[in-house]
Each structure stands twice: as structure tokens, then as C-alpha cells.
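Asker: A predicted structure for the sequence below; I have some questions about it.
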Amino acid sequence: MTDTFLSVSDLGVRFRTEDGPVQAVDGLSFTLRRGRTLAIVGESGSGKSVTSLAVLGLHDPARTTLTGSVTLDGQELLGAGEATLRGLRGSRMAMVFQDALTALSPYYTVGEQIAESFRRHTGANRREAKARAVELLGRVGIPSPARRAEDYPHQFSGGMRQRAMIACALVCDPELLIADEPTTALDVTVQAQILDLLGDLQREFGTAIILITHDLGVVAGNAHDALVMYAGRCVEQGSVEEVLTAPQHPYTSGLMSSVPRLTGDVDVPLTPVRGNPPSLLGGLPPGCAFRPRCDHARDRCGEDLPQLTGAGGRHAACHFPLVAHENTPEDTVGPTDQLESTR
Amino acid sequence: MLRFLIRRLLGAALILLVISAATFLLFFAVTPDPALLSCGKACTPETLTAIRHNLGVDSPVPVQYWHFLAGLVAGRDFGSGQHCPAPCLGYSFVNQQPVLQTLLNRLPATLSVAFGAGALVLTMGVGLGLIAALRRGKPIDKASMGIALVGASFQIYFFGIIARYLLVDQLGWLPRPDYTSPTSNPLQWAGGMILPWVTLAVVNAATYARFTRSTMLESLSEEYVRAVRAKGLSTKAVYLKHAFRGAMTPVLTMFGIDMGMFLGGALITETTFNIPGIGRLAVDSVAAQDLPMMMGTVLVASTAMVLASIAVDACYALIDPRVRAS
């Protein structure tokens, strides 16, 4: 058996909308081993959440077409029956949603919502499931868990709600955890606690985690590998260290320079990526999707779609990757200068 | 919960007070001297005065209203020498029957129509709406919404009369609609009620079907429903346990209003099917300018409305813990 637990290859997600088809994800491939965290990074609409829903099979089947392959521990998920997927969801693969206030039902107690998944997958009775829910609440750091299990989500604080939702996801000891912006709705201090909690649980159980985020700060301390998405495609992937310290794609580099840093020269203004992501409606123009926003774009970028190139898990999809720019004299603001200034 | 109930019941009493006062004033605006109606052709001033005294309409309107209220609480003596024990709603101007007794006689028929039709409306309407929402865009969705639209386009008197003609007179599938006391002959009672129930349900269920469909679709798009699916729960649990619970509240609000109206007397249904309920009593008493009977029916209708709205609010609290907290 290979080391790979989740393998996504050439995944395509296409929606039928009232305004026409949208290719939300195109040709996405990555693998994930147990005990590792892959961060999927990108702006809103880049296809990162759509990817996670496709892995779980939670898209609307009536208007979505999936292509490619997704295997979980060798089992093909695309095209698998709904009953098979239902058996895997919540037990072997689970999801933590962005906003626990909307992702927890307001009508049932927190304990009930944690217990229902456990009962579904283990056939435990009400009492056993409740005991398990209390145990999980304790493990995610909720004080007096037996009492808090009887509370409703609206009686929890934001950070506690997020912990409760993580408890919901972890109740059946899933081997794959997809965390979709798990800390975006939280205070910075609580953010760190939640991410630490995920890290602890991963070390304890060897969970494979997909961490979906737009926050490079979150990526830096909490993931092993990173995959940068733009307009539904992977533009760069590699280990977190490689991607963050030596980005090859101008988009990754642009994301880096939009993050404020407290070290180094604080007078350097932030340089956000100019422009907006393209609309995916009606298909993208030929060539590189990032070209209109790219400072390094040349004629070729408008003609051929750059393919992911590289080796050993380190890839970028750019005709003129930034390392190759280092010696180009006509670039007055070289990407490496930018990088220096952001560090 | 107890404080909530007490507060709401006090509010209800106030509402009933306002409604009864308004009814009283409106009546006297239209009929300045009700005694004239029962005086007949050979009316002398003496008999007129005597009648006024007997009916209790020989004092200024506010004083009469006060007598009415006092009678409700403490009973009342009329000029004719009759004593009316509390709670006294007076005697009919037309046939001198005690109003309270008449209302109590009519109430079972109205309750039968209201609860039977209510249950049927809710199951038919919500059922259709649920099916349509779960099969959104599929033929069954379009078919059930089409049926609902046809049902909503019917009027009770039209649909009721056609259905009666076809199912009772021509085909003989249903017994003749009629009211029998459920305690004396339950089978005959149910048989006679089928047509009124079905008629009211067909005409009203359409609104429920469309409403349930839309609140259900809204609820299904909630993030927590997606989260429940991510837990691997069965479709049934996702839809019925989670999505439907969120979709129920607005439907209940509408049901409360409709039940309040049915309980006040489903006038057109009662008339169409010849059912002796509160609704027909109300129309008859208005036509006969029979003040005490009119006041009685108005009070029944408004009490039903107020109680239904209290019941709906209590249901909110049962469904939604966030309501309980506030």
C-alpha cells in the first residue's frame, strides 16, 4: 500500500448556472499523506471550497459535472454511489466549516449534534453517543463539557462554537479532515488556539488535513505543503517553506507582498495584487488566467496556457517563473526585491 | 413560560375589550333604536318604552356597554324580570334565546369543521410542499405546484357545490354533507364532514404547499444543512430532522391565523354545506340586527384568533431554543 491517503488527479468541477457554464476547478491534482497538512490557498472564487465539496461529494449533482479522479485510501470517490459516500462522510472524512454559527443547527443542543454523527456511523445508542460527545467536547477544550453539551450553539462564544464544530467533525476519528477557513470568523488569539488544537489532534491521531485558507500567515505555521489556486487552477505547489520563501509564480509572490509584516522595514507600503480575479463565467480567455494582473506578463502569456512544471512535488504554472527573472536587468522592481521587502 | 402566558392572556383580554366596544358602537351607529324592530305594526310609544326596558336598551350606549361587561362578570337582571347568570351574554333580540347557550350549541359544528379541515390542510399542503421542494425542478415538483395552483383558484362555494353534485348526488360516493353530533353517531359525523373538510382543505392547502416549498428550499440552502450532510446522515434525517425544523416556523404562523379564522366560523363552508356553526349564526344575527347574538359571535371569533396566536407563539418557543431564551 502506498503512503498516499488522498489522491486527487486532474479534478474538474463544472457548474451549470443560469448565466452559463462555469469551470470552477480545472485540472487540479494533489496527493496527501496521513499525518500531513496541505494548505490550499487562494482568493474567494478560486475554487478551493468547491474542491473540498467535490471531495466529500457535497455538490449539487443536478447542476455539477465532476471529471478526473479522487481516491481515498485507494477507493475511487468520483462516481461512487451516494450510499457509499454517506458511509464515508463523517466517519473517514469530515469537514470543519468556516462559520460555526451558521454551520451548527440552531435547533439542537451541541451535544446532540456531535452525537448524531457518532450514532449514525457506529450504531451506538443514545447514551453512549452522548458520553462520546461529552468526551469530545472535553478534548477540544470546552470547560465543564457535560454541562455545555446541553447548551445550544447560540449560548456558545465564537471560539467555543468552532471548537464544538471541530468536535462534531472528529467524533468518529476521521482519517481525513477538511477545514474550510476554520479560523476566518474568529479573533486572532482564538485563531491560534484553534489551529494549535488541529495540530495536536493531527499529531495524536495521524489525521490528514486539508486546510483551506486565504491567509498566508495561517499557512506558514500550520501546514506542511501548500497549493496555490487561481481561477480554478493550481498555479503553484510545493512544501510550505519553498512556496513561501521562494515563490515562483508572480501570483504567489503578489499574495506574499499583500501580507503586512511586523519584522523588517515597516515603512515599506503593502503592495496588493492589482485588479480582480477573472470571472469564470463563459470560460477563461486563452493563455494564463493571471496575465491581466501580472507585472511580468509577456506576449506568450496571452497565447499558451502555462502548464505546471517542476519536479519532486515542487511545481509552478508560469512561462517566466520568478527565479528565472533574477538576472533580468529590465525588471526595475524585481520579484526578489519584493520578497526581500516582505521578509 | 408561565409569565409569558399571563402576559399574553392579559393582552388578549385587552384586545377583546377593544373589539367588543367597537362592535357595540358600530351596531348603534347603524341601528339607533333596536326596539323598533320588535315593536311590530301596532306600535305605541308605551309598548316601545316597555320593549326598550325589557331588552335593556333604554340607557345611553356607554352605560349599556357597561351593563354588558358587568353581566359577563357578575350576571345581569333584565327589565323583563329575567335573571341571566354570569357569564351573561344576554338574550337574543329575535327569539329571546340565551346567547351563551346558543353559542355553545353551535360550537361543536364549528370546531368539527375547523379541526378536521385544519388537520387536512396541514397534511395536504405541507406534504405537497415537501415533495415539491425535495424534487425541485422535477416533473413531480411541477405537477404538485400545478395542482396547488388549480386548488387555490377554486372558490369554496364553487368547488363545494360541484364536488357535492358529482360525488354525492351523481356518483353517491360520499354521504350527504350534514352535521351530526360526534358523540351520538361518530361515523355519521365523520361521513357528513368529509366534503366540508376536503373542500376547505383543497382551497387552502395550495397556499401551504407553495409556502412550505419555498421555506423548505430556503432551509435546504442553509449552511447547517450542508454540514449535516457532511456528517453522512441519511437524506431523511437531513430533510426531516434538520431542514424541515427550520422551515416549520413560517408555516405555523400562517396556520395559526387560518385556524383562528376557521374557529371563528368558516362562514362560506358552513353556508355551502348547511352546517349549523358559529359562522352562519354570525351572519344571521347581523342580518336580523340581533345585538346580543352578534356580540357573542364576534367575541367567539376574536377569542379564537387571539388564542391561536398565543398557541403559535408557544409553538415557536418549542421549536426554536433562541426564542425560549429571549
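Answerer: It's in. Remember, predicted model here, so these are calculated numbers, not experimental data.
Asker: could I get the pLDDT score of the closest residue to chain B within the stretch 201-343 of chain A?
Answerer: For the stretch 201-343 of chain A and chain B, the shortest gap (CB to the nearest CB) falls at A:Ile210, measuring 13.2 Å. Where C-beta positions appear, they are placed from N, C-alpha and C, glycine not excepted. Per-residue pLDDT puts A:Ile210 at 95.
Asker: in the sheet, which residues pair with it? Tell me.
Answerer: Beta-bridge pairing for A:Ile210 (DSSP bridges): A:Leu38, A:Ile178.
Asker: hang on, it packs against A:Ile40?
Answerer: Yes. Here A:Ile210 reaches A:Ile40: they are 6.3 Å apart, a contact under CB atoms under 8 Å.
Asker: who's in contact with residue 156?
Answerer: Because you didn't say which chain, this covers chain A. Shown in contact with A:Phe156 (CB atoms under 8 Å, 6 or more residues apart in numbering or on different chains): A:110, A:148, A:164.
Asker: correction: the question concerned chain B.
Answerer: Counting by CB under 8 Å, 6+ apart, B:Ile156 touches B:199-200, B:203, B:268-269, B:272.
Asker: how much space separates it from A:Leu136?
Answerer: 55 Å (CB to CB, to the nearest Å).
Asker: what about stretch B:301-321, average pLDDT?
Answerer: Here the average pLDDT along stretch B:301-321 is 90.
Asker: what sits up against it?
Answerer: A:106-107, A:152, A:154, B:1, B:4-5, B:8-9, B:12, B:15-16, B:19-20, B:245, B:248-249, B:252-253, B:255-257, B:259-261, B:263-265, B:278, B:282, B:323-324.
Asker: tally of neighbours for A:Leu78?
Answerer: Residues near A:Leu78, counting by other CB atoms under 10 Å in any protein chain shown, number 16.
Asker: wasn't A:Phe21 part of a strand?
Answerer: Actually, residue A:21 is Pro. It isn't Phe. Yes. With DSSP: H, G, I helix; E, B strand; the rest coil as the criterion, A:Pro21 is located in a strand.
Asker: I figured it hits A:Phe15, correct?
Answerer: Yes. Using CB under 8 Å, A:Pro21 makes contact with A:Phe15 at a distance of 6.8 Å.
Asker: looking at those two, which is more packed in?
Answerer: Shown here are A:Pro21 and A:Phe15; by other CB under 10 Å, A:Phe15 has more neighbours (18 against 15).
Asker: just among the contacts of A:Phe156, which is most surrounded?
Answerer: A:Val110 (29 neighbours).
Asker: so which residues of the stretch 201-343 of chain A form strands?
Answerer: Counting by DSSP state E, counting those that start in this stretch, the stretch 201-343 of chain A has these strands, from start to end: A:208-213, A:225-230, A:233-239, A:309-311, A:314-316.
Asker: stretch A:60-78 close to chain B?
Answerer: Yes. Using CB under 8 Å from any CB of the partner chain, stretch A:60-78 reaches chain B at A:Ala62.
Asker: can you list the buried residues in that stretch?
Answerer: Within stretch A:60-78, the residues that count as buried by 16 or more other CB atoms under 10 Å in any protein chain shown are A:64, A:66, A:68, A:70-73, A:77-78.
Asker: now, those residues that are in strands?
Answerer: Mapping the buried residues of stretch A:60-78 onto strands (DSSP state E) picks out A:64, A:66, A:68, A:70-72.
Asker: which one of these is nearest A:Phe30?
Answerer: Ranked by distance to A:Phe30 (CB to CB), these are led by A:Val70 at 10.3 Å.
Asker: near chain A, which residues of chain B?
Answerer: Contacts of chain B with chain A, taken as CB under 8 Å from any CB, map to B:137, B:222-224, B:226-235, B:237, B:242, B:245-246, B:319-322, B:325.
Asker: in PyMOL, how would I select the buried members of these?
Answerer: In PyMOL syntax, the buried subset of the residues of chain B next to chain A is picked out as below (16+ other CB under 10 Å):
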select buried, chain B and resi 222+223+224+226+227+228+229+230+231+232+233+237+242+245+246+320+321
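Asker: about what we covered before: columns mean neighbour count on top of the strands of the stretch 201-343 of chain A, output as JSON lines?
Answerer: Formatted as JSON lines, the strands of the stretch 201-343 of chain A follow (neighbours: other CB atoms under 10 Å in any protein chain shown):
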{"stretch": "strand A:208-213", "mean neighbour count": "25"}
{"stretch": "strand A:225-230", "mean neighbour count": "26"}
{"stretch": "strand A:233-239", "mean neighbour count": "24"}
{"stretch": "strand A:309-311", "mean neighbour count": "11"}
{"stretch": "strand A:314-316", "mean neighbour count": "20"}
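Asker: so which of these is nearest B:Thr47?
Answerer: Across the strands of the stretch 201-343 of chain A, B:Thr47 has its closest neighbour in strand A:208-213 (91.4 Å, CB to CB).
Asker: for the closest one, which helices and strands make contact with it?
Answerer: strand A:4-17, strand A:20-33, strand A:37-41, helix A:48-56, strand A:176-180, helix A:188-205, helix A:216-222 (3 or more CB pairs under 8 Å, 6 or more residues apart in numbering or on different chains; DSSP states H and E).
Asker: comparing these, which comes out most buried?
Answerer: Greatest average neighbour count among these goes to strand A:37-41 (a mean of 26), per mean count of other CB atoms under 10 Å in any protein chain shown.
Asker: averaged pLDDT, that one. What do you get?
Answerer: What strand A:37-41 shows for mean pLDDT is 95.
Asker: centre-most residue in chain A?
Answerer: Taking CA atoms, centre = their mean, the centroid of chain A lies closest to A:Ile212, which sits 1.8 Å from it.
Asker: OK, contacts around that one?
Answerer: By CB under 8 Å, 6+ apart, A:Ile212 lies in contact with A:39-40, A:48-49, A:51-52, A:178-181.
Asker: if we go to 6 Å?
Answerer: A:Ile212 makes contact with A:40, A:48, A:52, A:180-181, according to CB atoms under 6 Å, 6 or more residues apart in numbering or on different chains.
Asker: and if you look at A:Ser49?
Answerer: Taking CB under 6 Å, 6+ apart as the contact definition, A:Ser49 lies against A:Asp180.
Asker: who in the stretch 151-300 of chain A is up against chain B?
Answerer: By CB under 6 Å from any CB of the partner chain, the residues of the stretch 151-300 of chain A that approach chain B are A:152, A:154.
Asker: report the closest residue of the stretch 151-300 of chain A relative to chain B.
Answerer: At 4.4 Å from chain B, A:Tyr152 is the closest residue in the stretch 151-300 of chain A, using CB to the nearest CB.
Asker: look up how far A:Pro182 lies from the residue nearest to that residue when sequence neighbours are not counted.
Answerer: In space, A:Tyr152 comes closest to B:Pro321 once its chain neighbours are excluded; the distance is 4.4 Å by CB to CB, 6 or more residues apart in numbering or on different chains. Taking CB to CB as the measure, B:Pro321 falls 25 Å from A:Pro182.
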